[in-house]
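Participant: Here is the input, now give the coordinates:
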Amino acid sequence: MSLLPRPPWARPRERCPNCLAKTPDDRALVCDRCGYQLRLPRIAMVGLGLIAAGIGGFLASVFLGVILPWPAMPFNVKIPYLESPSPADLSNLAQWIGGILLVAGIALAYTGAYVVRRRGDEVIARGPA
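Facilitator: Residues are numbered from 1 along each chain as shown. Reported below is the predicted structural model:
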C-alpha cells in the first residue's frame, strides 16, 4: 500500500516563503532573516479551540433547549446550589461556561500572537543577517 504525501501544513519548512532563506530549524516560529511568521504556536491553537468551544457553549445555551430539551435530573439527584435545575438554569449555566471558554480562548490566542510578534520584532531589530 502506498503512502500519501504529507499535506503542506504538516511539512517542515525548508525555506522562508517571504525571503527564500533557508530556515535552520524546521520548528521555528519566525524566519531568522526577515521575521516572517512560519508557524502558529501551540498555545494559539489551543486558544482557537477554546474559542470554538465557547461559541458552541453559546449556541447550546440558545438552541439546545429548543432542539433537544434539557433532561430532568436522573434518580432525583440534587446538585448543590442548583437543587433541581430548571431548563432556564441549565441554559444559563451553558451560557456562563461558553463565556468563560470564549474569554480564555481569546486570552490564549492573544498570547500566541504576542509571542510571534515579539520574536519577529527581535529579528527585525537585530537587522539583516
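
Participant: okay, CA-based contacts and neighbour counts for the rest of this
Facilitator: Noted.

Participant: Next up, identify which helix or strand Ala107 is on.
Facilitator: If you go by DSSP states H and E, Ala107 is part of helix 87-126.

Participant: Can you tell me how far the residue nearest the centre of the chain is from Gly127?
Facilitator: By C-alpha atoms, centre = their mean, the chain has its centre lying nearest to Leu48, at 1.9 Å. As judged by C-alpha to C-alpha, to the nearest Å, Leu48 and Gly127 stand 32 Å apart.

Participant: still on that earlier bit, the helix holding Ala107 packs against which elements?
Facilitator: Using 3 or more C-alpha pairs under 8 Å, 6 or more residues apart in numbering; DSSP states H and E as the contact definition, the elements that helix 87-126 packs against are helix 42-67.

Participant: in the helix it packs on, what's buried?
Facilitator: 43-44, 46-58, 60-61, 64 (16 or more other C-alpha atoms under 10 Å).

Participant: distance of Val123 from Gln37?
Facilitator: According to C-alpha to C-alpha, Val123 and Gln37 sit 11 Å apart.

Participant: actually Ser91, sorry about that
Facilitator: Distance of Ser91 to Gln37, computed by C-alpha to C-alpha: 41 Å.

Participant: just Arg6 next, same as before
Facilitator: Taking C-alpha to C-alpha, one finds Arg6 at 21 Å from Gln37.
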